[in-house]
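[1] Return atomic coordinates for the entry below.
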Amino acid sequence: MEKKELIIKAAIQILRPIPEVFEAIIDPKKMSNYFISEGSGRMEEGKEIVWKFPEFDMQFPITVGKIEKDNYVSYYWEVNKKKNLVEMTLSSFGKDTVVTITEKGMENNEEGISWLMGNTEGWANFLACLKAYLEYGINLRKGAFEFRNGE
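    Residues are numbered from 1 along each chain as shown. Presented below is the predicted three-dimensional model:
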């Protein structure tokens, strides 16, 4: 049996214009309202940044790949000692924005399937949180994951 690379794909429509959505993705101050607790800098091509999440007592280094203003963002982060590629594409749907996220880098094996399940859930959550923040000013992550740390 050939081992194929697993790929996560998730998408959502956000009732906001592309430039507003793009800024919410690359600006750590805006991201801290729906995804991370803090980031060491804006996402810029080739830049190394660090994200912290409110529910994890660790830092996540990010290597920013390609950035196309108002269209595309990519970065690499480490998952199970492998560098995974995350790509976010923004496209118009009338006045609104469709955000499509893919993440790839894991093999089709037990470890990869576990990653696929967890990160698919994570990206669906990211998109729902981004939508809630941009459309309603709500931070859905606040108070959502303390149970994972037994708090």
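[2] make it CA atoms for all contacts and neighbour counts henceforth
    OK.
[3] Just confirm residue 98 is within a strand.
    Yes: under DSSP: H, G, I helix; E, B strand; the rest coil, residue 98 sits within a strand.
[4] Which parts of this protein are helices?
    According to DSSP state H, the chain carries its helices in the segments 18-26, 28-31, 110-136.
[5] Give the other helices and strands that the last one contacts.
    Contacting helix 110-136 under the criterion 3 or more CA pairs under 8 Å, 6 or more residues apart in numbering; DSSP states H and E are the following elements: strand 5-14, helix 18-26, strand 96-107.
[6] Which elements pack onto the shortest one?
    This points to helix 18-26. In terms of contacts (3+ CA pairs under 8 Å, 6+ apart), helix 18-26 is packed against helix 28-31, strand 82-93, strand 96-107, helix 110-136.
[7] buried set for that helix?
    Buried residues in helix 18-26, defined by neighbour count with 16 or more other CA atoms under 10 Å: 18, 21, 22, 23, 24, 25, 26.
[8] Residue 68 is in contact with the third one, correct?
    Read that as residue 22. No: between residue 22 and residue 68 there is no contact under CA atoms under 8 Å: 9.8 Å.
[9] Show me the shaky parts of the protein.
    1-3, 144-151 (pLDDT under 70).
[10] residue contacts, residue 101?
    Applying CA atoms under 8 Å, 6 or more residues apart in numbering to residue 101 gives the contacts 8, 9, 10, 11, 86, 87, 88, 89, 123.
[11] let's go with 6 Å and repeat that
    By CA atoms under 6 Å, 6 or more residues apart in numbering, residue 101 lies in contact with 9, 10, 87, 88.
[12] Which residue, other than its chain neighbours, is closest to the last one?
    Read it as residue 88. In this structure, residue 88 finds its nearest non-sequential neighbour in residue 101, 4.5 Å apart by CA to CA, 6 or more residues apart in numbering.
[13] Write down the beta-bridge partners of that neighbour, one by one.
    Going by DSSP bridges, residue 101 is paired in beta bridges with residue 10, residue 88.
[14] I'd like the distance between it and residue 123.
    Using CA to CA, to the nearest Å, one gets 7 Å for the distance from residue 101 to residue 123.
[15] Could you do residue 107 as well?
    As judged by CA to CA, residue 107 and residue 123 stand 19 Å apart.
[16] of the buried residues of helix 18-26, closest to residue 64?
    Checking the buried residues of helix 18-26 against residue 64 by CA to CA gives residue 26 as the nearest, at 10.1 Å.
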